[in-house]
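Colleague: can you look at this prediction? I've put the sequence above it.
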Amino acid sequence: MSHAPRTRTVLGCTLLVVSLGAGAGACGRSDSNPLSAKPYDAAGQVVYNGPAGSAKADPERPLEISARGNGRLTDVTAADAQGRYLAGELDGDGHRWHSTAPLVAGTHYTVVVSTEDSDGSPGRRTLTFDTAAPKDAVKVEFGPDAGKYGVGQPITAELSKPVKDKAARAIVERALKVESTPKVEGNWYWVDDKMLHYRPKDYWPTDATIRVSSRLEGVKIANKLYGGAAHPLKITTGDRIEAITDASSHYMTVKRNGEVINTIPVTTGKPGFSTRNGVKVVLGKQYFVRMRGETVGISASSSDGYDLPVYYATRVTWSGEYVHAAPWSVGSQGSENVSHGCTGMSTGNAAWFYETVTEGDIVKVVNSIGEDMTPFDNGFGDWNVEWDKWRKGSVLQADLKAGQSKLNSARLRPQV
């Protein structure tokens, strides 16, 4: 947006008349005021460096608009097809305006230029042009697929190209929007150069609608690197289902919206194969899975080797941890841990659990002698990251916190 030149003083009420299109009498002036006149076509008064004809503008070049002869520019407004305004600056003498932010690539611009002649009469000229499409674009793919999920489901954004620079990451993150109804506090976390995760401070609300979108397309991220297309995403949540397994008591407590709906005797990982502590998120469900020790590094000839048909298998890690039916260990369920890391229960209880939970529901293990669930490399362990640390994974939140710290420090310094 531009600023009016500071070299000419005009009564504030007169400017208000122009912007609102009201009659000159609003400020007690007559219609002879030149600013109350209908703007003339300023085509011969405006010069700009945009493309001619059907040619497309290079988004790497700034946009410049100048006034010819005795004319002056009073305002310049440039916006792209998505309604994003282009920041710019008007020289103090009103003879030149130039953009101060990069143009969006691959879009259509409408530029409205307001002028005045030597008598102060207002003129106007509308310019339009297209910018060239980017040669190198960073596309964004949101996850999970559209549908209904549990309240623990994180949102993911995978970039087609790595983004490492802090300033470039800020541009990307600012363009990725997550809107929840009801509203919740949340932010993105940069897992690596190509992957971001989004989660709220606490779990999503029940019966929420979450919409994810990107305004990155055509936006300059770095030198000759622009944002690409992204399909918007909509997911919803249902009830808050939490399954808490206590590995020391050998029981799982299942809650719906905070109320206990079932208590199930289980067995978890035995020493050397202890189940991971922490919060996990249901990744998927399979009615039948053939489980073999060799897939997790256990030799078939070992005393710990196994090759079993498993039913009602609810997956919680990519490395092979499930909640599933284990009829062979019913005698140990509720009393000791004998599995190779999974949470085993009777076939009847496993069928009930399988039908009760859905992707995105919470499965938490406590009091295991095993390691803790890692945040990002073995499923969705996002909820094991404390909120203060999670916020630091956002470039925007980290910058905001740093700025607030500087402000607080300045306030504490004594005045001299």
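Modeller: Nice, I can see it. Numbers count the residues shown, from 1 in each chain.

Colleague: how about the residue lying closest to Tyr85 once chain neighbours are set aside, what does it touch?
Modeller: Excluding its sequence neighbours, the residue lying closest to Tyr85 (CB to CB, 6 or more residues apart in numbering) is Ala79, at 5.1 Å. All C-beta atoms are positioned from the backbone trio N, CA, C, and that covers glycine. Residues in contact with Ala79 (CB atoms under 8 Å, 6 or more residues apart in numbering) are 85-86, 109-110.

Colleague: then Met373?
Modeller: Neighbours of Met373 in contact, by CB under 8 Å, 6+ apart: 276-280, 317, 365, 379, 381, 384.

Colleague: now render those as a markdown table, adding distance to Gly393 and neighbour count.
Modeller: Putting the contacts of Met373 into a markdown table (distance: CB to CB, whole Å; neighbours: other CB atoms under 10 Å) gives the following:
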| residue | distance to Gly393 | neighbour count |
| --- | --- | --- |
| Arg276 | 21 | 24 |
| Asn277 | 22 | 19 |
| Gly278 | 18 | 19 |
| Val279 | 17 | 23 |
| Lys280 | 19 | 28 |
| Thr317 | 21 | 22 |
| Val365 | 24 | 26 |
| Gly379 | 18 | 21 |
| Gly381 | 13 | 21 |
| Asn384 | 13 | 18 |
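
Colleague: so what's Gly297 scoring on pLDDT?
Modeller: The model reports Gly297 with a pLDDT of 69.

Colleague: per-residue pLDDT of the residue at minimal distance from the centre of the chain, please?
Modeller: Central residue of the chain (CA atoms, centre = their mean): Leu176, 3.8 Å from the mean position. In the prediction, the pLDDT value recorded for Leu176 is 98.

Colleague: please tell me how far it sits from Arg169.
Modeller: 11 Å (CB to CB, to the nearest Å).

Colleague: which parts of the protein are helices?
Modeller: All helices of the chain, identified by DSSP state H, fall at 12-20, 166-175, 347-356, 387-392, 395-412.

Colleague: lowest average confidence across those, which one?
Modeller: helix 12-20 (a mean of 31).

Colleague: what sits closest to Asn49 if chain neighbours are left out?
Modeller: That would be Glu64: by CB to CB, 6+ apart, it lies 4.7 Å from Asn49.

Colleague: burial count for that neighbour?
Modeller: 14 (other CB atoms under 10 Å).

Colleague: got it, and Gly284?
Modeller: Neighbour number of Gly284 under other CB under 10 Å is 11.

Colleague: list the contacts for it?
Modeller: Here Gly284 is in contact with 314-315, 359 (CB under 8 Å, 6+ apart).

Colleague: quick one: which of those has the most company?
Modeller: Most surrounded of the contacts of Gly284: other CB under 10 Å gives Thr314, at 25 neighbours.
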